[in-house]
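Undergrad: Dropping a prediction and its sequence here:
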Amino acid sequence: MPLPPPASRISLATRLELNAIADEIAADGDTFPDPLARRLIALLPLTPRPSAVQLGASWSAPGGVAQGLTDTGHTAAADAGGGERGFTLGSDGTFRVGQWKLGHRPGIVEIGRVMEGRAEPRQCRLRYDRATGAPVDMQWRRWVRLGLGRVSVSLVAGWRHWKRPVP
């Protein structure tokens, strides 16, 4: 199976196709189309391995928007610099395609939704046979949340079976 180009050289048309395929195979249900999974595997370049240690934090910074009425009757607003702040340490070894973060290592394609409104992102992985490129199954990432007061930490606790391929 020939290797696709590096992620930095993927065309816009290919990125759009990858996004559409991820939408389809990561949709609800207990099966996914085998031909689409094979196409995803063929198009998606191998990505770097994730960092051994990854850490991310986010918080709401103080501030806000001040609004008032001008002498001409128009509304004026000023941003006081508040909003969501945060940092990340380490790389998850993925790249963004539309609303998806995709990672590809031999035998596994990881698929994560970027714009998820939950504390832990919704992530799955497609496992495939490295020799033939045939999809084996899809699995959900299992999370365990540990909390102490206002601080909570989500940890990966393995994977569980989700879907199987159909012709």
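TA: Okay, I see it.
Undergrad: can you map out the strands along this structure?
TA: With DSSP state E as the criterion, the chain has strands at 31-33, 55-61, 65-69, 75-79, 83-89, 95-97, 100-105, 108-113, 123-128, 135-148, 151-166.
Undergrad: quick one: average confidence on the third one?
TA: It stands for strand 65-69. In this model, strand 65-69 has a mean pLDDT of 56.
Undergrad: buried residues in stretch 154-167?
TA: 159, 162, 163, 165 (16 or more other CB atoms under 10 Å). Heads up, the C-betas are built off the backbone N, CA and C, glycines and all.
Undergrad: let me redo that: stretch 136-145
TA: So for stretch 136-145, counting by 16+ other CB under 10 Å, buried means 137, 138, 139, 141, 143.
Undergrad: I'd assumed residue 43 was in contact with residue 16.
TA: No. Here residue 16 lies out of contact with residue 43, judged by CB atoms under 8 Å, at a distance of 11.0 Å.
Undergrad: Those two: which is more packed in?
TA: residue 43 (18 against 12; other CB atoms under 10 Å).
Undergrad: So, low pLDDT: which residues of this protein?
TA: 1-8, 49-93, 116-121 (pLDDT under 70).
Undergrad: same thing but at 80, please
TA: Along the chain, segments meeting pLDDT under 80 span 1-9, 48-94, 115-122, 143, 149-156.
Undergrad: Contact partners for residue 130?
TA: 106, 107 (CB atoms under 8 Å, 6 or more residues apart in numbering).
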